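S.K.: turn this into a structure:
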Amino acid sequence: MVTMTDDRTFVPPRPPRRTAPWIAAGAVVLAGAVWGAWAAYDAYQQDRQECAPGILKQGPRQECIGVSDGSFAFDDSLADVMDKIEAENRRVEESGKPYVSIAYVEPLTTVKGEEEAKYGLRGELIGAYLAQLELNDPELGAGRGDLPQIRLLVGNLGLRSEQWKPLTDDLIAKSKDDNHLVAVAGFGQSRGGTQYAVDALRAAGIPMMGATVTADSLSDASRPGFFRVSAPNRDQASGAVNYLKEQQKKDPGYKVAVIRDRNTDDIYNTSLSASFESAATDRGLRLEGAPLEFLSGVDGVSNAFSSVTDKVCALKPDAVFFAGRGINLRNFINSMSAPDRRCEVTLLTGDDAVGVYYGSSESESRRAKFRTEWQDSRVTVLYTALGHPSLAAELYAKANNPLPDFLKLYHAEFGGASDDDQRVLQDGQTVLGHDAVWTVGVAVRNAAGPDGKGQVNPGATLQMLMQLGGSEAVSGLSGPISFGSDGNPDGKPMALVRMEPNGTYTFRDVLRP
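M.R.: Now for the predicted structure:
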């Protein structure tokens, strides 16, 4: 059809609209490119967020938080033991036997300059792994059977346990899926994040077993769920008071002073201080003046200790009870090494004293300098140790002592000569890591019954943990383990240990709460 305008001007017809093939093809290519770019970006973002499958970067420090079956080590210092855990987990999964999982959680990542050493974490994981082997091999398990098999998972709570929330969410999910998580062990240091993690897992009905964690507030007789193989602060403080009271009986002029950390965010310090004060009052331990105080976690700690040590030398006590962490004990020793101080004193403290030695980035020259400062300071350090290789021989008849068999397994898996036993076990970390997993494993086997076919879940494991008391005590490397109604070990003895400047731990005596 031809169209004419009013002035009769010819207007050619518009051609029909058709989509050229190359345009359609281009659209498809463009859509594919957009989708590919988005997929690549999404993968890039996911890679930025993941340290490994299921382990995500969390918090302001972008720490790797989550649960590993051993395939992700969290830190190079843990690689060898994590490789062994992964291999044993694979064997369990491929065995065809029923299994359950126990998670061992700790603050596994650190930041340079902030508690950068691992506080014996490798030792704890070694102990946990060796307990897993004992539980899975009937020839090693002291008659505890081998069903269900035990998978050992390892979780990271983050620096100072600050990333407790994403980790506990992950653990709770694993208690409901095919991981068959029935309990959580470990927990590291007694900090606010540790308390939150314990509260969250208790609310979810997942039983817990503390290894080296000692703050009193974690236990609650009215809300069962948290147990521990380590003596709580109240028992450590009680044992310390017993020792100091005995010194005052021998020498009526024996003077005792107190130094305490006022950082209320650290539940280890606050409960150790409160427990010591209560026990001292109950048993009539005489104390010199008001407690000397400092505040950790803020600037000026070294300056504060300069003043504290001046006051110690002015008081001239025979002994000082130190309610603080090992890292601050180091501050005290440094200050006491000044030429105008160096007043002889015995310092008695709790289990975190082992932190005085740790500092993974230190040069050997700095370590040597600290050893010299310690010798110059004239400070003798005693502490209430949660585990020591000399303790088992004091608590068991020779035929019933579980330590020799454990040492054979240790050397088979990690090498070393028998004369290394004291060196590798003396700080107690390996012993307690073992006892925490071993004790949970015993409860798991009890829940499974004689034929190993009983249903094992968090609730059944909790029920059996509550039965471990009296004649049902577990033979731990750190001593017989039985629990009171609050989940604390019932009257468990401790070791009184002297810490030496060269990094060794000398057993002195058995302390009882």
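
S.K.: who does Glu106 form a beta bridge with?
M.R.: Asn156 (DSSP bridges).

S.K.: quick check: it touching Arg160?
M.R.: No: using Cβ atoms under 8 Å, Glu106 is not in contact with Arg160, being 11.6 Å away. (Each C-beta comes from the backbone N, C-alpha and C, glycine too.)

S.K.: in terms of neighbours, single out the busier of the two.
M.R.: Glu106 (29 against 21; other Cβ atoms under 10 Å).

S.K.: show me what contacts the more buried one?
M.R.: Glu106 is in contact with 121, 124-125, 154-157, 186-188, counting by Cβ atoms under 8 Å, 6 or more residues apart in numbering.

S.K.: tell me the spacing between it and Pro339.
M.R.: To Pro339, Glu106 is 40 Å away according to Cβ to Cβ, to the nearest Å.

S.K.: same check on Trp438?
M.R.: 49 Å.

S.K.: got the contact list for Glu293?
M.R.: With Cβ under 8 Å, 6+ apart, Glu293 has these contacts: 259-262, 308.

S.K.: if we go to 7 Å?
M.R.: 260, 262 (Cβ atoms under 7 Å, 6 or more residues apart in numbering).

S.K.: so it, which state does it fall into?
M.R.: Under the three-state scheme (DSSP: H, G, I helix; E, B strand; the rest coil), Glu293 adopts strand.

S.K.: that one pairs with what?
M.R.: Beta-bridge partners, per DSSP bridges, of Glu293: Arg260.

S.K.: confidence-wise, which helix or strand of the protein is lowest on average?
M.R.: Lowest mean confidence among the helices and strands of the chain (mean pLDDT, DSSP states H and E): strand 3-4, at a mean of 36.

S.K.: quick revisit: so Trp438 and Pro339 - more neighbours on which side?
M.R.: The neighbour count for Trp438 versus Pro339, taken as other Cβ under 10 Å, is higher for Trp438 (29 against 6).

S.K.: how far away is that one from Ala393?
M.R.: 19 Å.

S.K.: burial of Glu139, as a residue count?
M.R.: 7.

S.K.: need the contact list for Ala73.
M.R.: Ala73 neighbours (Cβ under 7 Å, 6+ apart): 79, 82.

S.K.: over to Asp340?
M.R.: Contacts of Asp340 (Cβ under 7 Å, 6+ apart): none.

S.K.: test for you: state the pLDDT assigned to it.
M.R.: For Asp340, the pLDDT comes out at 93.

S.K.: my guess is Phe187 contacts Thr214. True?
M.R.: No: Phe187 lies out of contact with Thr214 (Cβ atoms under 7 Å); the separation is 10.0 Å.

S.K.: give me the more crowded residue out of these two.
M.R.: Higher neighbour count among Phe187 and Thr214: Phe187, with 32 against 28, using other Cβ under 10 Å.

S.K.: partners of Val184 in the sheet?
M.R.: Assigned bridge partners for Val184, using DSSP bridges, are Ala103, Met208.

S.K.: centre of the chain to stretch 395-406, how far?
M.R.: 26 Å (Cα atoms, centre = their mean, to the nearest Å).

S.K.: any weak-confidence spans in this structure?
M.R.: 1-48, 110-119, 141-142, 358-363, 417-423 (pLDDT under 70).

S.K.: domain assignment for it?
M.R.: 63-231+391-482, 234-385+498-511 (automatic domain parsing).

S.K.: any idea which of those domains is most buried?
M.R.: Stretch with highest mean neighbour count among these: domain 63-231+391-482 (a mean of 20; mean count of other Cβ atoms under 10 Å).

S.K.: give me the contacts around stretch 77-90.
M.R.: Here stretch 77-90 has contacts from 69-71, 73, 118, 121-122, 125-126, 129, 132-133, 136, 151-152, 154, 413, using Cβ under 7 Å, 6+ apart.

S.K.: give me the subset of those lying in strands.
M.R.: 151-152, 154 (DSSP state E).

S.K.: straight-line length of stretch 391-409, end to end?
M.R.: The first and last residues of stretch 391-409 sit 19 Å apart, counting by Cα to Cα, to the nearest Å.

S.K.: also stretch 201-218?
M.R.: First residue to last in stretch 201-218 (Cα to Cα) measures 12 Å.

S.K.: now find how far off-centre that stretch is within its chain.
M.R.: Worked out by Cα atoms, centre = their mean, stretch 201-218 lies 11 Å from the chain centre.
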